[in-house]
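show me the folded form of this:
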Amino acid sequence: MEFWFAAFSLGLLGSFHCVGMCGPIALALPLKGYGKIEKVIGALLYNFGRATTYGLFGFLLGLIGGAVLLAGMQRYFSISVGVLILIVVLLPKKYSAKLEQLSWLNPVSKNVRKLLAELFRTRSFSSLFLIGSLNGFLPCGLVYAALAGALATGNAMQGSVFMILFGLGTIPLMLAVNLSGNWININLRNRIRKAVPVFVAAMAILLILRGMNLGIPYISPAFVDLPTGSAAVCH
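Numbering: from 1, shown residues only. Next up, the predicted model:
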């Protein structure tokens, strides 16, 4: 339960980061000419599109984590992922910004932006959902952190749920931007954005604790090692 809360809270708090990164797309959505109810429906479809893509990524990362679980290495994997996230959080901004871009994703990002440009010329609910879905493919350090959490679940369905909850957490603020414009005070946005690394670090510590086998219910459950080829079982 704590892990699901962490996923939703990361999205909720991180949505201030989303406003800065994805705000231009959210503000440019082709919603002009729609009635109030249609605007709400269109904005929700855009945001549900993002959450759907996140859920797909979570499913795939959960599958990979499941392979690690079957190898009996989930504890060490969880600790490693947590430590890696902490290192990235503690890196100076100039280095962490470079990591966020991931140059090998540039061709993907370029093609996604081309498709987005075409969809922005189409006025339909389906195009709004697709815009959100493609938006989920754009590089984002916050999404990478959430994906690390999905990876550590060691289960495809749990990984998917983790990312969907993360996506749902971003919706309230992003929906407000979709419908009301960029009305949030810049100083307030910057202050809350500074708190995002703190919460990401907290999630990293949770991942480390989960792998330390301390026997603390929900936070650091005890694992029973099974023979090679079997998955570890937590109690």
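
what's the mean pLDDT across the helix or strand containing Lys194?
Take DSSP states H and E as the rule and Lys194 turns out to sit in helix 186-211. Averaging pLDDT along helix 186-211 yields 74.

neighbours around the nearest residue to Ser133 once chain neighbours are set aside, how many?
In this structure, Ser133 finds its nearest non-sequential neighbour in Gly49, 4.0 Å apart by C-beta to C-beta, 6 or more residues apart in numbering. C-beta here means a position set from N, CA and C on the backbone, and glycine is covered the same way. Gly49 has 22 neighbours, counted by other C-beta atoms under 10 Å.

ditto for Leu138
Residues contacting Leu138 under the criterion other C-beta under 10 Å number 18.

using CSV, write out every CA atom in stretch 131-146.
Coordinates of each C-alpha in stretch 131-146 appear next as CSV, following Å, rounded to 0.1, in the frame of the first residue of the first chain:
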residue,chain,number,x,y,z
ILE,A,131,-1.5,13.4,-28.2
GLY,A,132,-1.5,12.4,-24.6
SER,A,133,-0.3,8.9,-25.4
LEU,A,134,2.6,10.3,-27.6
ASN,A,135,3.4,12.8,-24.9
GLY,A,136,4.2,9.9,-22.6
PHE,A,137,7.1,9.0,-25.0
LEU,A,138,8.9,12.3,-24.6
PRO,A,139,12.1,12.3,-22.3
CYS,A,140,11.3,13.2,-18.7
GLY,A,141,13.6,12.6,-15.7
LEU,A,142,10.6,12.3,-13.3
VAL,A,143,9.1,9.5,-15.5
TYR,A,144,12.4,7.7,-15.4
ALA,A,145,12.4,7.8,-11.6
ALA,A,146,8.9,6.4,-11.6
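
per-residue pLDDT of the residue nearest to Ser133, please?
95.

just checking, it touches Leu128?
Yes - assessed by C-beta atoms under 8 Å, Gly49 is found in contact with Leu128 at 7.3 Å.

mind listing what Thr52 touches?
By C-beta atoms under 8 Å, 6 or more residues apart in numbering, the contact set of Thr52 is Gly132, Ser133, Gly136, Ile164, Gly167.

redo that, cut-off 7 Å
Listed by C-beta atoms under 7 Å, 6 or more residues apart in numbering, the contact partners of Thr52 are Ser133.

try Met157
Gly62.

tell me where the chain has helices.
Assignment of helices within the chain using DSSP state H yields the ranges 2-27, 36-70, 74-90, 93-101, 106-119, 125-135, 141-153, 156-180, 186-211.

chain neighbours aside, what residue packs nearest to the residue nearest in space to the middle of the chain?
Note on the chain: the residue nearest the mean C-alpha position is Val143, at 3.4 Å, using C-alpha atoms, centre = their mean. Nearest non-adjacent residue to Val143, counting by C-beta to C-beta, 6+ apart: Tyr54, 6.9 Å away.

separation between the residue lying closest to Val40 once chain neighbours are set aside and Leu173?
Once flanking residues are discounted, Val40 sits nearest to Leu179: 6.8 Å by C-beta to C-beta, 6+ apart. Computed as C-beta to C-beta, to the nearest Å, the Leu179 to Leu173 distance reads 11 Å.

out of the two, which sits in the busier spot?
Leu173 (22 against 17).

nearest residue to that one other than its sequence neighbours?
Leu173 sits nearest to Ser15 (C-beta to C-beta, 6+ apart), 4.0 Å away.

contact partners for the one you found?
Gly169, Thr170, Leu173, Met174.

my read is that Gly82 contacts Ala202, right?
No - between Gly82 and Ala202 there is no contact under C-beta atoms under 7 Å: 10.5 Å.

more crowded one of those two?
The residue with more neighbours, out of Gly82 and Ala202, is Gly82; 24 against 14, by other C-beta under 10 Å.
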